[in-house]
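Visitor: give me a model of this one.
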Amino acid sequence: MNAIIIFAKFPEPGKVKKKIGTVIGMDNSAKLCTAFINDLIEENSEKDYDIYLSFIGHEYKEKYRTMFPNAILYVQRGTNMSENVQSAFEDLLDDYEKVALVGCDVPQLSAGTVIKAFNALESHDVVLGPAEDGGYYLIALKEPHDIFKGMPWGKENLLENQVRILKEKKLAFVLLDKLPDVDTVEELKHIKRILKKEDAPRTYDFIKDLDI
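Guide: I've put the predicted structure just below:
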């Protein structure tokens, strides 16, 4: 059995996608993130792998349970992003053969891409999904390799640094197709131009009428 784990902050106004919120409003920014998460959960539902939703803070657990009832909840237990990612893989790979960790802000991320990542782990140690901004939207493992210390999370050289570590540790890896994520207004405008309703219906419906 395999699992996907979605890393997502609770979509609270003023605490998510603040760069975008300065233009579309913080309430709308939170609604956008809610649409991202719901679309991703729905896209991956009823597949032959489990869906986890990972977050920081036990105080949000009941809110997550109410808003996203179709995901298994997982509270992050590290003191920084590198530890959060490492511990998530360690915990889930105790129970699952393969685990794919993804961000929530990639509306074009399909279940087909997740399945492709799981299949690629048959012949590789690590699978990476590169984001257009120099980061990555997906990383899949079958062993909890110690590869995340010191990673520049949120920076444009994240993928470059992750690949360097994989090469240093002589781990076989493969890159999936590059996809855009949404952290800035320009990236949101780009997604608005290219997104199809079947890719992410809630996100599509929400952004099509945004004045950006």
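Visitor: show me the contacts for Tyr52.
Guide: By C-beta atoms under 8 Å, 6 or more residues apart in numbering, the residues touching Tyr52 are 3-6, 71-74, 92. Any C-beta I mention is one placed from the backbone N, CA and C, and that applies to glycine too.
Visitor: any idea how far Leu40 is from Glu122?
Guide: Using C-beta to C-beta, to the nearest Å, one obtains 24 Å as the distance from Leu40 to Glu122.
Visitor: and these two? Which one has more around it.
Guide: Between Leu40 and Glu122, counted using other C-beta atoms under 10 Å, Leu40 has the larger neighbour count: 30 against 8.
Visitor: can you tell me how far the more buried one is from Lys189?
Guide: Applying C-beta to C-beta, the value for Leu40 to Lys189 is 21 Å.
Visitor: now Ile115
Guide: Ile115 sits 30 Å away from Lys189, going by C-beta to C-beta.
Visitor: burial measure for Lys63, as a count.
Guide: Lys63: 14 neighbours (other C-beta under 10 Å).
Visitor: to clarify, my last question referred to Glu90.
Guide: Glu90 has 14 neighbouring residues, counting by other C-beta under 10 Å.
Visitor: ok, it - contacts?
Guide: The contact partners of Glu90, by C-beta under 8 Å, 6+ apart, come to Pro144.
Visitor: tell me the buried residues in the helix or strand harbouring it?
Guide: In the assignment (DSSP states H and E), Glu90 maps to helix 81-92. Of all the residues in helix 81-92, those buried under the rule 16 or more other C-beta atoms under 10 Å are 81-82, 84-89, 91-92.
Visitor: so how far is it off the chain centroid?
Guide: 14 Å (C-alpha atoms, centre = their mean, to the nearest Å).
Visitor: excluding its backbone neighbours, what's nearest the residue nearest in space to the middle of the chain?
Guide: Centroid-nearest residue in the chain, with C-alpha atoms, centre = their mean: Gly103, separated by 1.2 Å. Leaving aside its chain neighbours, Gly103 sits nearest to Tyr137 (5.2 Å; criterion: C-beta to C-beta, 6 or more residues apart in numbering).
Visitor: nice, that's everything, thank you.
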